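>>> Everything below, folded, please.
(2 chains)
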Amino acid sequence: MRLGKSIVGTAVLWLIAITVLHGALNLQWFKRKPAGSARERQLGVGFIPVTCHLTCPVTDYINRNVEGHGFFQPLRFSGFAELKEMFLGRPEEMPATFILAPMAIALREQGVKIKIVHLGHRDGTAVVVHKDSNIFHPADLRGKTIAIPGRYANQKLILYRELKKVGLTFNDVTILEMPPPDMPAALQTRSVDAITSGEPFMGQTELDGYGRVLFQAKDAWPGFISCVLAVHESAIQTRRAEIQRLVDGIASSGKWIDQSLTNRLDAAQFVAKNYYNQNPRLLSYVLSKPPDRVTYSRLQPLRPDFEEIERLAKEAGMLNGTAHFDDYVDDSFAPDPEAIHVPSFQVKK
Amino acid sequence: MSTNPNRTGNSAVWLGAHVGLPALVVIGFLVGWHLAVRWSGSDLFPTPLEVFYGIVELARHGLLVKYIVASLFRVSWGFGCAVAVGIPLGLTLGWFRPAFLAINPMIQILRPISPIAWIPVAILWFGVKDSAPIFLIFLASVFPITVSAMAAVQNMQSVYIRAAQNFGLRGFRLFRRVIFPAALPQIITGVRIALGVAWLVVVAAEMIAVNSGLGYLIIDARNAGKRYDLVVAGMVLIGIIGLFLDLLVRRLEKFDEVRWGYGQQ
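Residues are numbered from 1 along each chain as shown, chains lettered A, B, ... in the order given. Prediction:
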């Protein structure tokens, strides 16, 4: 058998075939674009599938259903590291992103031109222990191993705050950084004593029957902020109208989610199926048990909230304290809370 | 069908050895897996049947074909680029000693770096489009190909060259008619190893925010709560497709240009 021609010919044919198939199945090359969708590059907005970022898919879904097309492109990531790298490396493709508040402030301290323009949510975090453990109070965490999502996670801050209340510091516990999706399994196998991250990973441990909430953020630190919507300064100058539309959309859909339990349960369904690829039952659980477990109103960035984050983060050794509210926040986009329009959107059933 | 009892007997033995024995091991493994999950009482780790249902669910939602095509697309291009770059580069370095002395240390420095370490760089350079995982797969497979092509030329028996030179072959003709064919069997071995590596890194490569592929399926299932059936389904599918890819490359060994090299060993 002759190798040369047959192998090169087969390889070329294979490359063409697999490229066309990939284009057709995954890149929608041959689908007609909906009428009215903008031809120019849409604003890329980064998010990861956690309830802290829920307003991103909800805004997109409502827009697609009301107007027939979205006005921004939600870009889904698996973790904060990849999301941050995309924002740093390709700000022209993804000039806006949902991101942990201390991570945004730390990036500003490191000279990245990032501005927080809105909050993503309030509350929506818990510290969870194994149901059979003997931890019933934050003071019982002494000597225990606690998993947190990362060094710039606000979960680290709420933990620091609660430990401090009972006279403990990070020196009295073992802190372990772990991707939130791995936390439930780590708790079930009791590889760690306590876990903390955004939802729905904490709710999952309750639903599956082995997790017990030690405390909810809403009780320990009312109005707790974990993730914020941040944009690149270059986009503030060149794409102001788009960012304003995005912020208005996030604020409106946040109010829509908080308007009724029906809206929360509807959001759980369409976000789980279309954006997060999670079990709708899980999202329904964390958005409704109790309904104020995570909230999406009062999303204007306020100075006292961030000053508290700054102060605690500096104390906990997470931030240097060289960037302040006016450096990393641009609150000119945030609409007046009273003037936010709630879309009269209902999910077709 | 042949009625010759000997031939029938031979083919039965062949089938038994090549299909029956591996099938027995697979069945034994699946039974062991099922029993281990049942005995441990774990409701996190799935049984083989749950994994099968996971694969059926993927197929029902139309995701199975989409994900397999996406992964094959990225591996095909990453690996294709690695072959296109690695073979000429390896042959050149193997033949021109100054080029080898200059470039080989750099290759040996880059070679041990895991593609996972390149993920941040890939995102910074390429964003989150298909080009980033293709780049990672290229990086993983280009070095084994380059090194095998380089070694193939360097280790070639000098009698071939001397004989060719006696026949008056020089320059490009010597390269095309003697050096390349002589090196080909070893290059094919390198290509086969590299394809295995390329397929191996598909999970890491698809950790980047692509929204399709078998690697993505594993990462996505981790984000989806308690869907370890889909995690393992992704692993099983990667394994099975990897087996088929290896069988495919093995067919290269049947070509005359390659077979002589194996015959000699």
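
>>> What's the local residue count around the one residue in chain B that gets nearest to chain A?
As assessed by C-beta to the nearest C-beta, chain A sits closest to B:Leu124 within chain B, at 3.3 Å. No exception for glycine: its C-beta is placed from N, CA and C like everyone else's. By other C-beta atoms under 10 Å in any protein chain shown, the residues close to B:Leu124 number 14.

>>> does it belong to a helix or a strand, and which?
Taking DSSP states H and E as the definition, one finds B:Leu124 inside helix B:119-126.

>>> Centre of the chain to that helix, how far?
Mean-position distance between helix B:119-126 and its chain equals 23 Å (C-alpha atoms, centre = their mean, to the nearest Å).

>>> Quick one: residues in contact with that helix.
Applying C-beta atoms under 8 Å, 6 or more residues apart in numbering or on different chains, the contact partners of helix B:119-126 are A:81-82, A:85-86, A:88-90, B:132-133, B:135-136, B:204, B:207-208.

>>> Swap in 6 Å and give it another go.
A:82, A:85-86, A:89, B:132, B:135-136, B:208 (C-beta atoms under 6 Å, 6 or more residues apart in numbering or on different chains).

>>> where along the stretch 51-200 of chain A do the helices fall?
In the stretch 51-200 of chain A, the helices defined using DSSP state H, counting those that start in this stretch lie at A:55-67, A:80-89, A:101-109, A:154-165, A:183-188.

>>> what do you get for chain B?
Secondary structure of chain B by DSSP state H: the helices cover B:5-15, B:21-40, B:48-60, B:63-95, B:97-110, B:119-126, B:131-154, B:158-166, B:171-174, B:180-200, B:202-205, B:214-223, B:228-250, B:256-264.

>>> So which of those is nearest A:Thr238?
Closest to A:Thr238 of these, according to C-beta to C-beta: helix B:119-126, at 21.1 Å.

>>> now the closest one and helix B:131-154, what's the angle there?
Between the axes of helix B:119-126 and helix B:131-154, defined by axes from the mean of the first three to the mean of the last three C-alpha atoms, to 10 degrees, the angle is 110 degrees.

>>> what angle sits between helix B:119-126 and helix A:80-89?
Taking the same axes, to 10 degrees, helix B:119-126 and helix A:80-89 form an angle of 30 degrees between their directions.

>>> Let me know how buried the residue of the stretch 1-150 of chain A found nearest chain B is, in neighbour terms.
Here the residue of the stretch 1-150 of chain A nearest chain B is A:Gly89; by C-beta to the nearest C-beta that distance is 3.3 Å. For A:Gly89, the number of neighbouring residues by other C-beta under 10 Å comes to 19.

>>> which residues touch it?
B:123-124.

>>> do the same with B:Ala198
Counting by C-beta under 6 Å, 6+ apart, B:Ala198 makes contact with B:75, B:78-79, B:137, B:140-141.

>>> Now the two most distant members of the residues you listed.
Greatest spatial distance among those (C-beta to C-beta): B:Val75 and B:Ala140, at 9.9 Å.

>>> Write out the residues of the stretch 101-250 of chain B neighbouring chain A.
Contact residues (C-beta under 6 Å from any C-beta of the partner chain) of the stretch 101-250 of chain B with chain A: B:120, B:123-124, B:127-128, B:209, B:212, B:219-220, B:222-225.
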